[in-house]
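In: Return a 3D structure for these sequence lines:
(chains A and B)
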There are 2 protein chains.
Amino acid sequence: MTRLEAARAGIITEEMKEVAAAEGMTPEMIRDRIADGTVIITRSTLRTNIKPLGVGRGLSTKVNANIGSSEDASSPEQELEKLKVAVDAGAHAVMDLSTGGDIDAIREAILMASPVPIGTVPVYQAALDSKNKDKSFVELTAEDFFDGVEKHVEAGVDFITVHSGVTQQTMKKMKDQGRIMGIVSRGGALTAEWMRFNNKENPLFEDFPRLIQIAKKYDVVLSLGDGLRPGCLSDATDSAQIDELVTLGELTRLAQAEGVQVMIEGPGHMPIDQIQANMLLQKKLCNGAPFYVLGPLVTDIAPGYDHITSAIGGAIAAASGADFLCYVTPSEHLRLPDAKDVRDGVMASRIAAHAGDIAKRIPGAMQRDIEMSRARKALDWEEQIRLSIDPETSKILRSSSPPSDADVCTMCGSLCAIKVGSKVGVAATEG
Amino acid sequence: MTRLEAARAGIITEEMKEVAAAEGMTPEMIRDRIADGTVIITRSTLRTNIKPLGVGRGLSTKVNANIGSSEDASSPEQELEKLKVAVDAGAHAVMDLSTGGDIDAIREAILMASPVPIGTVPVYQAALDSKNKDKSFVELTAEDFFDGVEKHVEAGVDFITVHSGVTQQTMKKMKDQGRIMGIVSRGGALTAEWMRFNNKENPLFEDFPRLIQIAKKYDVVLSLGDGLRPGCLSDATDSAQIDELVTLGELTRLAQAEGVQVMIEGPGHMPIDQIQANMLLQKKLCNGAPFYVLGPLVTDIAPGYDHITSAIGGAIAAASGADFLCYVTPSEHLRLPDAKDVRDGVMASRIAAHAGDIAKRIPGAMQRDIEMSRARKALDWEEQIRLSIDPETSKILRSSSPPSDADVCTMCGSLCAIKVGSKVGVAATEG
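Out: As a prediction, this is how the structure comes out:
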């Protein structure tokens, strides 16, 4: 029995209790939301060594860090370092998107080492295996696609991205309307190219029931990928994107009916004023399934700072209902991220998630902000550092510029407003 | 005749033409908006060596960088370096908030060197002069307050922050309601402490007409400071903040009636879901005067990353009507910023301003994003770097990780979605 089936039968599992405790909710609430598909628990039944991760309605917004090798940088050690940095920085999940070197060995090492759920995109497996079979990707069979998926699920990954919404119909819509960037999803582009070359429907759409059964075996979450997500502001919220989302909504209902948990992947690049509508649309079209967004990046012109452009979009998305933020690093659009990029990306994304949680009124979300404000008022610097989202960085910055008066900082010195203002005698409040 | 008086008389000045050209608007539009107080031009008539800066309704969102010494770090050279870094990074204006060392000499050097408008907070002058006069700040006379203002205006500053909205009435409201952080504005705290000690009304409120006449002499913009801005999320949108804003709206009308331009300073720290309402409120209460916001920071728990928390809030604020963003640096709440912090702060704030401009449909705001998207589609890396908000950083990141195929980057290598997807044949569009 999968979690979804158990929840529908009214059963509260140990996992549901664990997630409820972590979220400060009752097990009944978690069970009921799993039953209606608005909350998922992400953990393969093969992975008893990690904590189950809850994602969805009313839960705190989670953060995912993408790591993985590429053909230009394929060191397993580097990926394990990135995993450690991501987890230490507070990532709730990690996706291994490796496409270079011995990706089976890298995935296995990551699964062994990771205390958090691991996601993958199995179509990369198929793409790389095609090279090993001396085939071009487009020469793969539908069977090869499913082999890649099965391989990852059997290896123990907790959630898999499948680009089942890239259909001949949607591709036609995209061609008819035109786009500046076309397809920017790696898995989406591979799938579309396979479909074009073979003049066939996407196997992961056509035989979606088979995907459902593969995922069901170990209660793996299907993360329905947005292969046609907008890759620039101009392409946002176009008919290809929305048509794909409609398809993903239909596939969501199929998977849920079979007892398999689903989340939906979302944009991408998007002007600020379109984000809220997109969150609403996903919830309406996809049966309230959790929304996992990549960004969105709110401008195209800031390579080197895309952790910031995506923190802006991610915060607005989370405030408007997104449940899970995929980080973006400063290296996006420029190179494979290194460990420092991973850390910067996770921190920016955690800030966005937290700011979103406050705005969408997750119970208790503002507690740490209140404690920080009290510590500031009390000029209690140790406590301020302890409460920081990144105590290490706070400590380094403060100690790099020691004030002559230990009560204050070198910004204002004796003109510190808190110190001056304390005489004015405003009563403390819970706010 | 001031600009505001000229505009009301139907006159289009050279400055208005310059601002119109810079904004891609007609001189008539600029004139009409200056006349109704929704646009200001920031430049003292003493400063013919700089370009006039337009701020307000329908214009692109501007970015200000705060620099200035403190008693713990008072090197004039360091402040001149920060000025240069801020301007090179694209700041449209700079505020000199010096409170340490020879602040007259620092201000003079900054005014000499700066190609952009300079703002100051003259009450700091009064506070420091009190030390030179061997007085405590609270022993200053009302006359001393105005001396500070006159000194800065005569020195040639282009806009001055005056905390005229800190009144006995508002202070009482704040005490009655309670607050976690009390007052966090340096000028606000000094003013409130002076009022408490002397049991008198704020001279800059009581004799506001005198301030108007001082500003009028050189057509200096009065930036009505929010001395009671919220210093933490819990204190946001409380009665003290809003009562002060009501006062600032009344003072706006007084100044405008006398032909003096006004902008309003705003929060501060604020949950995401309160930002839009605050922007609306300011526009309604302050006669549509330009809104100059500090942040807002959307969480309190991210010292070391407050350029990001304020970029999130600033982008939402700009999208909802804010006209001018005061940057926040990574050092906020921890230390006086250094030159690198200044650069990081300006970049984050420019991203927020630009994302806001796209969302509020400033004509042409998205043009550079469209060009960037075309360059990405064409895999034209030189053009991508040229179009970056920070070409230097883009170039460094890309060249630090050279791909084996010069067309792509080390993120995806030969699996580059753009390269794979180009075969799929989606027509380019203007989006």
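In: Next one: the spatially most central residue of chain A from A:H307, what distance?
Out: A centroid search over chain A (C-alpha atoms, centre = their mean) returns A:C326, at 3.0 Å, as the residue closest to the centre. In this view, A:C326 and A:H307 are 12 Å apart by C-beta to C-beta, to the nearest Å. For the C-beta atoms, the positions are set from N, CA and C on the backbone; glycine is no exception.
In: which residues do the two both contact?
Out: Common contact partners of A:C326 and A:H307 (C-beta atoms under 8 Å, 6 or more residues apart in numbering or on different chains): A:S349.
In: Can you name the element that comes right after whichever strand or helix holds A:P209?
Out: Using DSSP states H and E, A:P209 maps to helix A:208-217. Once the chain leaves helix A:208-217, the next helix or strand it forms, by DSSP H and E, is strand A:221-224.
In: buried residues in whichever helix or strand comes after that next one?
Out: Using DSSP H and E, the next helix or strand after strand A:221-224 towards the C-terminus is helix A:239-257. Neighbour counts over helix A:239-257 (16 or more other C-beta atoms under 10 Å in any protein chain shown) mark A:240-245, A:247-249, A:251-252, A:254-256 as buried.
In: cool, and stretch A:382-390?
Out: For stretch A:382-390, using 16+ other C-beta under 10 Å, the buried residues are A:384-385, A:387-390.
In: and it, how far out from the chain's middle?
Out: 26 Å (C-alpha atoms, centre = their mean, to the nearest Å).
In: Give me the contacts around it.
Out: Identification of contacts with stretch A:382-390 by C-beta under 8 Å, 6+ apart yields A:89-90, A:347, A:350-351, A:354, A:368, A:371-372, A:375-376, A:391, A:394-395, A:398, B:299, B:301-305, B:333.
In: and if you look at stretch A:343-352?
Out: Taking C-beta under 8 Å, 6+ apart as the rule, stretch A:343-352 contacts A:61, A:63, A:65, A:85-86, A:89-91, A:307-308, A:310-315, A:318, A:325-330, A:337, A:389-390, B:299, B:302, B:305, B:308-309, B:312.
In: is chain B contacted by stretch A:327-335?
Out: Yes - judged by C-beta under 8 Å from any C-beta of the partner chain, stretch A:327-335 comes into contact with chain B at A:330-335.
In: Can you lay out these as JSON lines showing secondary structure, pLDDT and neighbour count?
Out: Shown next, in JSON lines, are these (DSSP: H, G, I helix; E, B strand; the rest coil; pLDDT from 0 to 100; neighbours: other C-beta atoms under 10 Å in any protein chain shown):
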{"residue": "A:P330", "secondary structure": "coil", "pLDDT": "97", "neighbour count": "24"}
{"residue": "A:S331", "secondary structure": "coil", "pLDDT": "96", "neighbour count": "26"}
{"residue": "A:E332", "secondary structure": "coil", "pLDDT": "96", "neighbour count": "26"}
{"residue": "A:H333", "secondary structure": "coil", "pLDDT": "95", "neighbour count": "22"}
{"residue": "A:L334", "secondary structure": "coil", "pLDDT": "95", "neighbour count": "28"}
{"residue": "A:R335", "secondary structure": "coil", "pLDDT": "94", "neighbour count": "24"}
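In: closest to B:D129 among the buried residues of stretch A:382-390?
Out: Lowest distance from B:D129 to the buried residues of stretch A:382-390 (C-beta to C-beta) belongs to A:Q384, with 32.2 Å.
In: Chain B contacts on the stretch 101-250 of chain A?
Out: By C-beta under 8 Å from any C-beta, the residues of the stretch 101-250 of chain A that approach chain B are A:124, A:127, A:171, A:174-175, A:177-186, A:188-190, A:192-193, A:196, A:231-235.
In: Do you have the strands of the stretch 1-150 of chain A handy? List them.
Out: A:39-42, A:53-56, A:62-67, A:93-96, A:118-120 (DSSP state E, counting those that start in this stretch).
In: Which neighbouring elements make contact with the third one?
Out: It stands for strand A:62-67. In terms of contacts (3 or more C-beta pairs under 8 Å, 6 or more residues apart in numbering or on different chains; DSSP states H and E), strand A:62-67 is packed against helix A:76-88, strand A:93-96, strand A:324-326, helix A:339-359.
In: No further queries at this time; thank you.
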